[in-house]
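> quick one: sequence plus predicted model below, questions after.
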Amino acid sequence: MDESKIPILVGSGQITQREPDLEIALSPMDLTAAAGKKATEDTGVGDNLLKSIDTIVLIRSFSDTSWRFKCPFGRYSNPPRSLANRLGAVNAKRHIYTHPGGNMPQWCVNRMFEMITRGEIEIGMIAGGEALATQKNAQRNKIKLNWDEDTGDQFEEWGVDKRGWSNIEDRHGMAGAIFAYPMIENAIRGNENRTIEDHSLAMGNLFSKFASIAAENPLADRRRNFTSQEIATVTSDNPYIGFPYTKLMNSNAFIDQSAALILTSVAKAKELNISKDKWVYLHGCADAYDHWFLSDRINFYSSPAMSTVARETFEMANCTMNDIDLIDLYSCFPSAVEIACNEMEISLDDPRGLSITGGLPYFGGPGNNYVTHSIAEMMDKLRSKPGSKGLITANGNYITKQSAGIYSTEPIDKIFSPKDPIMYQAEINSKKGPSVTEHANGRATLETYTIIHDREGPSFGIVFGRLEDGSRFIANTPKDYDLMLKMTSEDFLGVSGKVKSIDGINVFTPG
């Protein structure tokens, strides 16, 4: 094969900032640049490599993604240009900023490897970073930071510019991960036919294994080895966020973390004298998505896209799960791991473990950028065990956008050429759920639900249900504190009741 068309990863860098002095703590862009520098050092070439980078891809920050994380200290007008300026990557001709999604780091690796194969890129960098801990602490202490930067120029955008919830879902308060994933989780519980208590302990047991890995990882934000009971038990320090998830079951977004990857071709790596013991190959990959809105899914406890991505990734890599030595499953909430294991036929107690970092609740959930960390971590572990294989999964929105990669230091033996996702996406699209009734009235049965909590306790409830004609609806519960409290201790899955549409809002009342 033409070595200029064989793509490889050659550098990685990660940083976790724990600076208590807000005046000297690094801004999100400075933090990201520091990870880029570390990735450059990791190649063994040094800063001269930065002048050879022709493409910089920056993973979209959470402050540019969600209203919940909007930064009050200014914004970067051209984020990838700001990063390039800090790195001295003066010859970078392409500056790319991604659209949101936890799948995007793996998706970008897949795309850039294809571009190297086509001769469109020589040396590229993928990077991202968040300083939400510093941002939050500054807001709490009424300290004004200056993170405003106008570098002008235009940048490219990659990914899909489409929010993850519909207008109907938005009207009923399901406008974010902390609202959607708990509904998915309760549907999983119903499919497993478990009690609330038994399922809570099962989730605690699952995530205690992640916590134990984070405890041994110096880059992890939460390094306490939380037990199953500590994770599952509701306390003042571990309250419900969205039932059935306690705080310790949620992705930990308020952290300062950054990571960067450097990729090139075998020919360019040789030209730059990058040692072979730094090279990591991508043997298989795939990307797909489930129906964009939860309302349109066949059910809330499976993912045809995840199953398809697994099949295509392993087929391209010409291996099976038995050949995998290391695994990192996207772990924003327990449901993401549970569905991945079910679709990929991995045991929740797999002796290989399901994370190499400690996962998003314990290692840290730096916005859309977590998977840049998991790939960087995988590179380090594969280099220390040459010839082994590692599986990375990535997930965007609400078990929606799926991406995966199988990595190894073992060279590939064929041209890097993943299938065009169009070839298998149509099959996923064809598996649509029941019709959705926007203004629902009449007798109905509850399909899944969550009770969202604030500092005072239950705040509001969101449910999916079915009308007698089989159509699906989304609704809120009445603002009845005692009812909402009861719905967190007693099983309301499958409960009958009545739904009524009032001024565009559906309200489901059990009974």
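Nice, I can see it.

> report the contact partners of Thr98.
57-60, 104, 108, 157-159, 368 (CB atoms under 8 Å, 6 or more residues apart in numbering). For every residue, glycine as well, the C-beta is placed using N, CA and C.

> swap in Thr477?
Counting by CB under 8 Å, 6+ apart, Thr477 touches 449, 451, 460-463, 483-484, 487, 507-509.

> switch the cut-off to 7 Å
Shown in contact with Thr477 (CB atoms under 7 Å, 6 or more residues apart in numbering): 461, 463, 483-484, 508.

> repeat for Lys93
If a contact means CB under 7 Å, 6+ apart, then Lys93 has Asp54 as its contacts.

> find the nearest non-adjacent residue to Pro510, please.
Excluding its sequence neighbours, the residue lying closest to Pro510 (CB to CB, 6 or more residues apart in numbering) is Gly497, at 4.1 Å.

> can you report how many residues lie near that neighbour?
18 (other CB atoms under 10 Å).

> so it is in which element?
strand 496-502 (DSSP states H and E).

> list the buried residues for stretch 254-274?
By neighbour count, with 16 or more other CB atoms under 10 Å as the criterion, the buried positions of stretch 254-274 are 254-266, 268-269, 272, 274.

> return the subset of these lying in helices.
266, 268-269 (DSSP state H).

> report the two of the contacts of Thr98 separated the most.
Longest distance between any two of the contacts of Thr98 is 13.1 Å, between Glu157 and Asn368; criterion CB to CB.

> what about Asp170, neighbour count?
Asp170 has 13 nearby residues by other CB under 10 Å.

> helix or strand for it, which one?
Using DSSP H and E, the secondary-structure element containing Asp170 is helix 167-171.

> with Tyr370 instead?
Per DSSP H and E: helix 370-384 holds Tyr370.

> what does that helix contact?
Here helix 370-384 makes contact (CB under 7 Å, 6+ apart) with 9, 12-14, 59, 102, 105-106, 109, 126, 128, 257, 259-261, 277, 280, 326, 328, 330, 356-357, 360, 388, 390, 392, 394, 407-409.

> what residues of it count as buried?
For helix 370-384, the neighbour count (16+ other CB under 10 Å) marks 370-379, 382-383 as buried.

> just the C-alphas of it, formatted as CSV.
Taking C-alpha atoms only, helix 370-384 is exported to CSV below (Å, rounded to 0.1, in the frame of the first residue of the first chain):
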residue,chain,number,x,y,z
TYR,A,370,-15.0,13.0,26.5
VAL,A,371,-14.2,10.6,23.7
THR,A,372,-11.1,12.6,22.8
HIS,A,373,-9.9,11.6,26.3
SER,A,374,-10.9,7.9,25.9
ILE,A,375,-9.1,7.7,22.6
ALA,A,376,-6.0,9.3,24.1
GLU,A,377,-6.1,6.9,27.0
MET,A,378,-6.6,4.0,24.7
MET,A,379,-3.5,5.0,22.7
ASP,A,380,-1.4,4.9,25.9
LYS,A,381,-2.7,1.5,26.9
LEU,A,382,-2.3,0.0,23.5
ARG,A,383,1.3,1.3,23.2
SER,A,384,2.1,-0.4,26.5
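
> just to revisit the earlier point, top of the contacts of Thr477 by number of neighbours, please.
Within the contacts of Thr477, Val463 tops the neighbour count with 28 neighbours, counted by other CB under 10 Å.

> that older thread, just the ones of the contacts of Thr477 in helices?
Using DSSP H, the contacts of Thr477 in helices are 483-484.

> which among the contacts of Thr477 gets closest to Thr235?
Distance to Thr235 across the contacts of Thr477 (CB to CB) is lowest for Met484, with 19.0 Å.

> count of residues packed around the nearest residue to the closest one once chain neighbours are set aside?
Closest residue to Met484 apart from its sequence neighbours, by CB to CB, 6+ apart: Pro458 at 3.6 Å. Around Pro458 there are 22 other residues, counting by other CB under 10 Å.

> over to Lys276?
Residues near Lys276, counting by other CB under 10 Å, number 13.

> what are the phi and psi angles of it?
According to degrees, to the nearest 10, the main-chain angles of Lys276 amount to phi -60, psi -30.

> who's in contact with it?
Neighbour list for Lys276: empty [criterion: CB under 7 Å, 6+ apart].

> any idea how far stretch 322-338 is from the chain center?
12 Å (CA atoms, centre = their mean, to the nearest Å).

> and the contacts of it?
Applying CB under 7 Å, 6+ apart, the external contacts of stretch 322-338 come out as 102, 177, 181, 184-185, 188, 203, 206-207, 210, 245, 249-251, 340, 350, 352-357, 359-360, 365, 371, 374, 378, 381, 385, 388-395, 399.
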